[in-house]
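1. The sequence and its predicted three-dimensional model are supplied below.
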Amino acid sequence: MSTFTIDSATSRATPTPVPGKRMTVPSIRARKKLGRTDEPLVMLTAYTMRMAQLLDAHCEMLLVGDSLGQVIYGLPSTLPVTLDMMCNHGAAVVRGSWHALVAVDMPFGSYEGSPEQAFASASRIMQETGCAAVKLEGGEAMAPTVDFLNKRGIPVIGHVGLTPQAVNVLGGYGARGKTQGEADKIVADAKAIADAGAFAVVVEGVMDVVADKVTAAVDIPTIGIGASANCDGQVLVTEDMMGLFERTPRFVKRYADLAGEIGAAAAAFRDEVRNRSFPTDEQTYRPKG
Ligand code: KIV
């Protein structure tokens with residue numbers, strides 16, 4: 001179990017014991033050998049320095065997901081998320097982590113126009129945050145962009161299946177791959193992204209048989225979310241799995257009840273303020289002597 005102190009000069013987290021070197025793109029990529037990842041990869045979302053500190057030792061990858069639009073900013077979808085938001089949160093997560101590879105989502109509208117637009121956005125994200133990789137949504141249509149970025153020093157994680165930035169085209173957030181045509185397209189998308197040089201691919205919200213086909217079809221790690229236990233790794237939105245929301249999607253397992261804990265702490269504070277039992281002597285400054 002690591003503990004952390006903050007270096008006040010740099011705002012940098014200093015974990016004890018100091019971990020080894022940060023995970024790299026080749027080290028993540030190399031975890032899949034002969035079509036298999038012996039130990040599945042662990043990825044969680046993080047949007048803040050402190051959450052990154054707490055998760056870092058337990059994950060190979062931290063994802064600064066554009067899900068922060070909904071989780072942090074209360075937006076109705078990921079579509080209004082901006083490059084400024086991703087850069088600010090990405091930099092905080094890099095400052096709060098030492099071990100995990102940090103990947104930052106490219107927000108809607110920042111990369112789809114052309115490979116050149118994607119390069120301008122991705123290079124800004126990398127320069128301003130210090131992250132090691134970006135993630136973008138889309139399959140065959142995005143393959144030339146993945147190739148363009150990869151050849152110019154920008155490692156890319158793909159994202160296929162349910163792609164939330166395409167919610168208006170898909171018509172909702174339902175699971176994908178229910179028809180043969182949809183299933184074939186998801187496999188083709190993943191292959192195209194892998195062939196274009198992505199080093200991993202998130203497979204979201206698909207029938208488990210489709211996720212298994214994708215995992216068998218590509219030689220890069222597949223990271224499942226609402227996909228299949230056979231993926232090469234798994235990712236969840238941290239606030240979902242920590243129980244910060246009352247309602248969670250079916251594919252989320254809740255590992256804690258932070259909403260309950262926070263509500264109970266706030267109620268205890270409220271009661272003690274109202275009956276004047278907080279602050280006590282212990283929390284009060286008094287002149288000495
Ligand atoms: O934005 C995000 O958090 C994501 C994960 C759910 C994979 O893309």
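-> Structure's in. What do you need? Nothing here was measured: the structure is a model prediction, and the numbers come from that model.

2. Name the residues of the stretch 51-200 of the chain found near the ligand, please.
-> By CB under 6 Å from any ligand atom, the residues of the stretch 51-200 of the chain that approach the ligand are 63, 65, 66, 67, 105. Heads up, the C-betas are built off the backbone N, CA and C, glycines and all.

3. at 5 Å what do you get?
-> Listed as neighbours of the ligand in the stretch 51-200 of the chain under the rule CB under 5 Å from any ligand atom: 65, 66, 67.

4. Give me the neighbour count for the last one.
-> The reference is to residue 67. Per other CB atoms under 10 Å, the neighbour tally for residue 67 reads 20.

5. and what of the second one?
-> One way to gauge burial is a neighbour count; for residue 66, by other CB under 10 Å, it gives 29.

6. Run through the residues that contact it.
-> 78, 81, 86, 105, 106, 107, 108, 164, 165 (CB atoms under 8 Å, 6 or more residues apart in numbering).

7. show me the contacts for the closest residue to the last one other than its chain neighbours.
-> Translated: residue 165. Excluding its sequence neighbours, the residue lying closest to residue 165 (CB to CB, 6 or more residues apart in numbering) is residue 108, at 4.4 Å. By CB under 8 Å, 6+ apart, the contact list for residue 108 reads 66, 78, 79, 81, 165.

8. Neighbours of the residue lying closest to residue 164 once chain neighbours are set aside, how many?
-> Spatial nearest neighbour of residue 164, chain neighbours left out: residue 78 (5.2 Å); criterion: CB to CB, 6+ apart. Other residues near residue 78 come to 20 when the count uses other CB under 10 Å.

9. what's the first-to-last distance across stretch 22-31?
-> 15 Å (CA to CA, to the nearest Å).

10. Also stretch 103-110?
-> 16 Å.

11. Near the residue of the stretch 1-150 of the chain found nearest the ligand, how many residues? Count them for me, please.
-> Nearest residue of the stretch 1-150 of the chain to the ligand: residue 65, at 2.1 Å (CB to the nearest ligand atom). Neighbour count for residue 65, taken as other CB under 10 Å: 29.
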